[in-house]
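J.: what follows is a predicted protein model with its sequence.
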Amino acid sequence: ESLHSCIGLLGISAGSLLLAVHFYSSPRAAPLIPSTALGVLLLIVSALLAYAGIRRSLRNASLLVSLCLTLSALWSGYGVILILAGQGVLPDPGDTRDALVPGLATFTLALLLLAMVGFLCGEPLLALVAAAVSLASAHEVALHYSSSLGPSAVACSHLTVCLVGGYFALGRILYFLTKGKVALPGMDLAEKKAQEQGRGNAGSTNPFTAPGLLLNMLSASVFCCRLLGVTHRLFLGHVPWLWAAGTYQIGICVLSYRAMDVLMATAFGFTSILKFAGGYCLLYPAWQPEEPSFPTPFLVVFSILFAVLALFLSLQSPVDGLYLLVFVAYCIALACSPRGFFAGGPQGVTVAIFVASALVSLIHQYNVRAKAKIPTGKGAVKALLARSSLLKLREGPDLHAPYLGYSKYADAEVLTYACSVLASFALTATGDSQAPLATVVIPWVVVAGGILKLLGGSVAFARGKTLESSAFILYSVMWIIWGLTRYGGLYGPARSFHAAVGIVSFMLFNSFIVFCSLFLNTAWFFYSLTFMLIAVSFLLDAIHALPTGYDIAATLIFGLVSFYCFLAALSSSTFEGCCLPMGGPVVRLSGVGAGTTKCPHLPARKASSVKRIADILRNGGTCGIPTDTVYVLVAACSRPDAVEKAHRSKRQAQDRPMSLWISSLKQLEPAKHLFTPLLWDFMEAAWPSPISLVIPRGEWVDFLGMKDSAKYVGTPQSVAIRIPDCSVTTHLIDLVGPIVVTSANPTGEADTTHHNQVYAKLGDKVDAVLCGGPSPENIASTVVDCTKIDSGNIGFFRVGIIPKSQVLQILEQVQKK
């Protein structure tokens, strides 16, 4: 954590030092650092700052997270503009000023807000850094409009940032290297850690919301400055700010999924589309004299999606829900203005976006750090919904449990379905075949249908949703290729046979998706099936045989199905229970209309869950449980029928016999006289641990009550036995008695390392699964041959998590004793 903070602080110091040198030498004819070189260096520094902010946020929602991400966005846009100026793309000095001022003005206010929060929440050094950068940005804005200030004032401000950041980084490094023995004034990290622990549940808030809202200020500032007359026109120089804000918001969208905040992640995905569309509109006049036209139906649909998301978000935080209504007004204003972003109406709404983003960002940044929160209305909504028996908000750590496997991300299906709606309705814009780029369709199709859907597919893959992720990634590739081909000027007036062949290939892939979705749910079946209608329209257009109105009909059908899936995913992620059903599988693996029962998944952290598993085992069931290594399938020794059932469900190979687990040697105390003293002492010294001891089979096995099922455990000559080093497992054995154990996977397959994989691999052959999340270790236990231990020799059937040397050391100590 200290090293990641040092990277961020040293990055801030390095960037400020570069800018200080640049402004000190700017009056000279030949500056020390050319504009192009300075721009490249700032881009490198911004990448380091982004890395430091992301890595720092994984453990602690510090103000440094917002500071690093905000400065990274500032210097990335700044660097690109300097590169454009250095390469002669912005030849007029007034162009450079008009390009830089909106971003500098935004970050002056944004960093000032961060400084206020820092001073209020007890982080004066970071607040001083933010205030110094804010002052430097304000000086630079003033320098562009009045040369009397002089660049030296700007350089002094950046030099202050460099010195403060360097001091802070040096203090962190010294504290880290000396293990807390040397602490510079104001750098007592032990005291800061105590303060962090005293903040309670402040870290439960999404720490990336505030930087994301600041990026909304950046894009709004570009159009606000034009409306207020601060800049003379909208042009190519403003594109770096818009696209930097869009790129960073896509990153913050991913990080919000990491923070398990589905609704804000979806909101940032939506707003990033607007930023890329705005940048495209400003970029288009660079090679064509006229302004691009806007497809009205798409913007109306976008405003509806924003309104629905605002409604659901208001249930989580009314302040955020009201904030999103400003974007509803923005989309409506764009739909009503043929000139789009160049019109005065939408630019007037951006003023409201700028002000609202600043206020809501301040609230979020303060609530992340402070003990006393600014009320956002969440408590009132909770109290209101508590009176309703129909609607209950989802809460708790299991809010976004992974479908299969272990995942650190929330479900991204809400955003992905919404992108399908946006991309499909964008196809209703026919455009001009002679000038396809003149209609603003590419951002909606490529960014929404392509990039964001690809992001959703990646998150679905991380969550173990193999079919959904495959479909999302396939559809995203289709939207990107077709969007660039048809609306990017690559298609041309002549229809291509090669394009048709490629579309047919996509249709074959999608046919497989449609078939597999029969086994998933009804909504997914119709979702994949209606996308086939879109692919058919692509094919008919490629061969120049598209009937009039077919593409509109296909678009409406796919868009409406996607909108229903969007509402269903949104309601299921917000409320408990199934508000809008996705439907069951059309076809089940065991036949059409088969039963839908599944084994219960019980959280291991609850004592009641362990008790219920114990009841199932005592009643003759088999269960998957977590251990100190990987997941295992268990049955009670006192139920011979359950032991035989476990053997059948596992399809146990003869060379991989089942083993015995106990919770204490007291459970073998009645048969102690049947063990040699050396073997007993060795078991006592080796356990509890992930060490399985293969010991001679004898009459002691009869004491466990397995009767005829004992033939399934061990071999005729030996049995493997151990006491696991896992409190949940040993508590369960205390309740049930000795258990028979085998790995929770079909013979020959890899070990199971997550509770959902138990059900995935063994199907409905287990009666319950005790859910403990990911396995603490991915390596199985060490299996030691103790059949000849009395002669002083032991062997190893398998060396697992415990090395040979440690086992031999334990034996040596027992022998000495």
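T.: That came in fine, so what should we check first? Given the structure is predicted, the values throughout are model-derived calculations rather than measurements. Residues are numbered from 1 along each chain as shown.
J.: CA atoms for contacts and neighbours, from now on please.
T.: OK.
J.: now the stretch 251-400 of the chain, which segments are flagged as low pLDDT?
T.: For the stretch 251-400 of the chain, the stretches with pLDDT under 70 are 389, 394-400.
J.: run the last query once more with 50
T.: Applying pLDDT under 50 to the stretch 251-400 of the chain flags the ranges 397.
J.: how about residue 533: what's its closest non-neighbour residue?
T.: Distances taken as C-alpha to C-alpha, 6 or more residues apart in numbering put residue 554 closest to residue 533, at 5.6 Å, once the chain neighbours are dropped.
J.: residues near that neighbour, how many?
T.: 23 (other C-alpha atoms under 10 Å).
J.: you'd agree it is up against residue 534?
T.: Yes: because the distance of 5.8 Å satisfies C-alpha atoms under 8 Å, residue 554 is recorded as touching residue 534.
J.: buried stuff in stretch 172-180?
T.: Of the residues in stretch 172-180, those buried by neighbour count under the rule 16 or more other C-alpha atoms under 10 Å are 172-176.
J.: for the stretch 301-450 of the chain, which segments count as helices?
T.: For the stretch 301-450 of the chain, the helices defined by DSSP state H, counting those that start in this stretch occupy 318-336, 344-369, 378-386, 413-426, 442.
J.: the shortest one - contacts with which helices or strands?
T.: In other words, helix 442. helix 466-487 (3 or more C-alpha pairs under 8 Å, 6 or more residues apart in numbering; DSSP states H and E).
J.: in the helix it packs on, what's buried?
T.: 468-487.
J.: about what we covered before: state the mean pLDDT of the helix or strand where the residue nearest to residue 533 lies.
T.: Of the helices and strands defined by DSSP states H and E, residue 554 is found in helix 550-574. Averaged across helix 550-574, pLDDT comes to 90.
J.: which strands or helices does that helix pack on?
T.: Here helix 550-574 is seen to pack against helix 296-316, helix 413-426, helix 522-542 when contacts are counted using 3+ C-alpha pairs under 8 Å, 6+ apart.
J.: downstream of whatever helix or strand residue 68 lives in, the next helix or strand is which one?
T.: Using DSSP H and E, residue 68 falls within helix 63-86. Towards the C-terminus, the helix or strand next in line after helix 63-86, according to DSSP H and E, is helix 93-120.
J.: give me the helices and strands touching the helix or strand just after that next one, please.
T.: Heading C-terminal from helix 93-120, the first helix or strand you meet, by DSSP H and E, is helix 124-145. Using 3+ C-alpha pairs under 8 Å, 6+ apart as the contact criterion, the elements in contact with helix 124-145 are helix 63-86, helix 93-120, helix 151-177.
J.: ranking those helices by mean pLDDT, which is last?
T.: Note on those: helix 151-177 shows the lowest mean pLDDT, a mean of 84.
J.: report the distance from it to the chain centre.
T.: Centroid separation for helix 151-177 versus its chain: 33 Å, with C-alpha atoms, centre = their mean, to the nearest Å.
J.: how about stretch 71-81?
T.: From the chain centre to the centre of stretch 71-81 is a distance of 24 Å (C-alpha atoms, centre = their mean).
J.: before we move on, what about stretch 575-586?
T.: Distance, stretch centre to chain centre, for stretch 575-586: 24 Å (C-alpha atoms, centre = their mean).
J.: buried residues, that stretch. List them.
T.: For stretch 575-586, the neighbour count (16+ other C-alpha under 10 Å) marks 575, 579, 581-582, 584-586 as buried.
J.: so residue 168 makes contact with residue 125?
T.: Yes: if you go by C-alpha under 8 Å, residue 168 and residue 125 touch, sitting 7.3 Å apart.
J.: out of these two, which sits in the more crowded spot?
T.: The residue with the greater number of neighbours, taking residue 168 and residue 125 and applying other C-alpha under 10 Å, is residue 168; the counts read 23 against 18.
J.: and the gap between that one and residue 175?
T.: To residue 175, residue 168 is 11 Å away according to C-alpha to C-alpha, to the nearest Å.
J.: the helix or strand hosting residue 268 versus helix 550-574: what angle between them?
T.: Counting by DSSP H and E, the element that carries residue 268 is helix 262-283. Between the axis of helix 262-283 and that of helix 550-574 there is an angle of 140 degrees, by axes from the mean of the first three to the mean of the last three C-alpha atoms, to 10 degrees.
J.: list the contacts of residue 374.
T.: With contact set as C-alpha atoms under 8 Å, 6 or more residues apart in numbering, residue 374 has these partners: 363, 366-367.
J.: what does residue 166 give?
T.: By C-alpha under 8 Å, 6+ apart, the contact list for residue 166 reads 9-10, 13.
J.: burial of the nearest residue to residue 685 once chain neighbours are set aside, as a residue count?
T.: Counting by C-alpha to C-alpha, 6+ apart, the nearest residue to residue 685 once its immediate chain neighbours are dropped is residue 810, at 6.9 Å. Here the count is done by other C-alpha under 10 Å, and residue 810 has 14 residues near it.
J.: try residue 673
T.: As a burial measure, residue 673 scores 11 neighbours (other C-alpha under 10 Å).
J.: which SS state does it fall under?
T.: The three-state label for residue 673, taken from DSSP: H, G, I helix; E, B strand; the rest coil, comes out as helix.
J.: all good on my end, thank you.
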